[in-house]
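> After the sequence you'll find the predicted model.
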Amino acid sequence: MPQGLKPDTRVRKEIPEEYHWNPNHIFPTWEKWESACAELDALIEKLASFKGTMNQGSQHLYTYLQLQDRAGELSHRVWYYPALQFDTDQRRNELDAKRQKVQAMFVRFATATSWYSPEVLGLGWGTVEKWLAEDRELALYRFTLSELFRLQEHVLDEKGERIMALSGRFASTPPSIYSMLTTADAKHPDVTLSTGETVKVSHAAYGSMLRTLRNQEDREKVFRAHYGTFEGLANTCAAIYNSVLQRGWFHAQARSYTSVLEARLEGNAIPASVVNTLVSTAKAGTGPLRRYHQLRKKFLRLEKYHLYDGFVGLFEEQKKYPFRDVQQIILESVQPLGDTYVRKMEAAFHERWIDVYENEGKRSGAYSAGVYGVHPYMLLNYQDTLDDVFTLAHELGHSMHTILADESQPYVYSDYTIFVAEVASTLNEALLLDTMLEKSESPRERAILLQHAIDSIAGTFFTQALFAAYELEAHRLAEAGEPITADVLNQLYYGLLQEFYGDSIDHDELYRVTWARIPHFFNSPYYVYQYATCYASSALLMRDIQSSDQAVRQAAVDRYLNLLRAGGSDHPTSLLKAAGVDLEQPETVLAVVDQLDTLVTQLEQEIDRLAH
């Protein structure tokens, strides 16, 4: 690899091993994996044998919970050993078969333990609370047991829980159909650009094209081709989405919730006011977002400015950021969080936790996957771009959260919720931006960095808040028994788009079908709002970490690290409040609006410097 840049090859075996993650940290051989699968099977049978015995005392309950934790920890390992290897080459059917074997075990696990909640609830809280007070070992499970009783009214009897567990087999059907329709069966059109080049506008390529095509007519062609595909699929997508909405409403009603939102939030004791505050405050705070798009229109010298013009760089970015070179600046950027934090992060670079470069058959995108008792693994498709640098910092944030939680919590409380997960990742990005801005003396480079940060807020906060508003309205339609058609969903989404962007863009009616191209709506309802709330949380924490008062800075760092160490040991809103973040208050959400306003002002100043 010349000059430390990404390899010229996409053949995995030709990429140096130091850039591959090492799944053998989980199991050294497939034989050990098979043994672990057998152990998990035996544990599942053992757990099933406890049925009807929960009244035998506190130590009996403790033994069951310890076995359940062992089975859960082992589940992570037997899943990720084939899954990580499959993700580096998804053409390998033998690895997919091993994944499917584990998935079948998970179904058996859920079915074999479906009796547990009804039986423990049958003991009554008085009995369980007495056991917790008398048994120091069982007291470890106070939070998880109290959560079971908190949600008691939503737990069915044994027969009902078994039916709900079995119905899980069909829960993935709507998203599976959607995935097949929009990836395997969709016909992605070819477009001839102004350069004479013909390109295929696939879902994966679309975003990259909008970011790199400098000619507005080319961007329009790509937009119309891509959205035209979804316009042609809109009626079928609406039918699939209606099944998602009806599935959610069925599960909510079956468990005696008043809405799908309540059902989705109650598990983590998140008040509905958090989502409502996010949506209303974001809608009221779009001023800086609109100002940014007006600045872009002027700078790009466009007579008309469309949403598809909002992604191309203000400058043609040519600088490369080799993976080896960026490690030091990322480590330097997190120095405010302390030497221990930095040392733990260094291990990710030196101990093969990261699968760095793209290769044939590798899964796209990026993620961090925690394996309790081992370490996190990070998948990248690093291309030496600025986006890749921030993606690396982002995934390292997730990984550090996992490390600190795993070190501080027993297995039962190690897994943090998505509601707090993106705080660590976005705060890492903010720290990196600060460091890179401080080191840069070039107005052009600073403008590129500022645009990256602004685009991140626009995409991670405002777009996700818009998506949350859409999901709220769509689910309310289903809950009210209103018809769900492509026309209804088109009108709903287009109205929200106009509400958020106003006259800062020239609106294209084809954008009304955006809902049909967002996989999260089909795969994970009421999920995306958490990206926005996490961004708000990190913005508020970052404000104190950047304080000129050393005492305020140190207190903020301590609260933040305690949040990461806490894992899932309490309700996420309680953990955030302990860190100084209250998402029921509009002021918390406004921290992002203020942050964006500051960044847009800085961008205006850098552009002025370039003009003079």
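Ah, there it is.
> lowest-confidence helix or strand of the protein?
In the chain, the helix or strand scored least confidently by mean pLDDT, DSSP states H and E is helix 158-171, which has a mean of 82.
> who touches that helix?
By Cβ atoms under 8 Å, 6 or more residues apart in numbering, the residues outside helix 158-171 that reach it are 107, 110-111, 114-115, 117-119, 155-156, 247, 251, 254. The C-beta positions use only the backbone N, C-alpha and C, and glycine is treated the same way.
> Report the buried residues of the lengthiest helix in the chain.
When the chain is parsed with DSSP state H, its longest helix is helix 216-254. Going by neighbour count (16 or more other Cβ atoms under 10 Å), the buried part of helix 216-254 is 216, 218-227, 229-231, 233-234, 236-238, 240-245, 247-249, 251-252.
> Quick one: mean pLDDT over it.
Averaged across helix 216-254, the pLDDT comes to 95.
> From the chain's centroid, how far away is whatever helix or strand comes next after that helix?
Downstream of helix 216-254, the first helix or strand assigned by DSSP states H and E is helix 260-266. The chain centroid and the centroid of helix 260-266 are separated by 18 Å under Cα atoms, centre = their mean, to the nearest Å.
> what comes up buried for the least confident helix or strand of the chain?
Using 16+ other Cβ under 10 Å as the test for burial, helix 158-171 gives Glu161, Arg162, Met164, Ala165.
> The third one and Phe250, how far apart?
Taking Cβ to Cβ, to the nearest Å as the criterion, Met164 is separated from Phe250 by 10 Å.
> again with Ala578
Ala578 sits at a distance of 36 Å from Phe250 (criterion: Cβ to Cβ).
> Show the residue spans covered by the strands in this structure.
190-192, 198-200, 354-355, 367-369, 377-379 (DSSP state E).
> Leu43: which of these is closest?
With distances scored as Cβ to Cβ, the stretch of the strands of the chain nearest to Leu43 is strand 367-369 (22.0 Å).
> That closest one: partners in the sheet, and parallel or antiparallel?
strand 377-379 (antiparallel) (DSSP bridges).
> List of residues touching the partner strand?
21, 23, 80, 84, 87-88, 348, 353-355, 363, 365-369, 371, 395-396, 399.
> re earlier: mind saving the C-alpha coords of the least confident helix or strand of the chain as CSV?
In CSV, the C-alpha atoms belonging to helix 158-171 read as follows (Å, rounded to 0.1, in the frame of the first residue of the first chain):
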residue,chain,number,x,y,z
GLU,A,158,-47.9,-18.7,30.3
LYS,A,159,-50.0,-19.7,27.3
GLY,A,160,-50.1,-16.1,26.0
GLU,A,161,-46.4,-15.6,26.4
ARG,A,162,-45.7,-18.8,24.5
ILE,A,163,-48.0,-17.6,21.7
MET,A,164,-46.2,-14.3,21.6
ALA,A,165,-42.8,-16.0,21.5
LEU,A,166,-43.9,-18.3,18.7
SER,A,167,-45.3,-15.3,16.8
GLY,A,168,-41.7,-13.9,16.8
ARG,A,169,-41.0,-16.2,13.8
PHE,A,170,-43.3,-14.0,11.7
ALA,A,171,-42.3,-10.6,13.0
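> now the angle from that helix to helix 216-254?
Relative orientation of helix 158-171 versus helix 216-254 (axes from the mean of the first three to the mean of the last three Cα atoms, to 10 degrees): 160 degrees.
> pLDDT wise, what is Gln3 at?
The model's pLDDT for Gln3 equals 55.
> actually Ala465, not the one I wrote
97.
> List the contacts of it.
Leu278, Val279, Ala282, Lys283, Tyr529, Ala532.
> out of these, which is most surrounded?
Of all the contacts of Ala465, the highest neighbour tally under other Cβ atoms under 10 Å goes to Ala532, namely 28 neighbours.
> Now do the same contact list for that one.
Leu278, Ala282, Thr460, Phe461, Phe462, Gln464, Ala465, Ala468.
> Recalculate using a threshold of 7 Å.
Residues near Ala532 by Cβ atoms under 7 Å, 6 or more residues apart in numbering: Leu278, Ala282, Phe461, Gln464, Ala465, Ala468.
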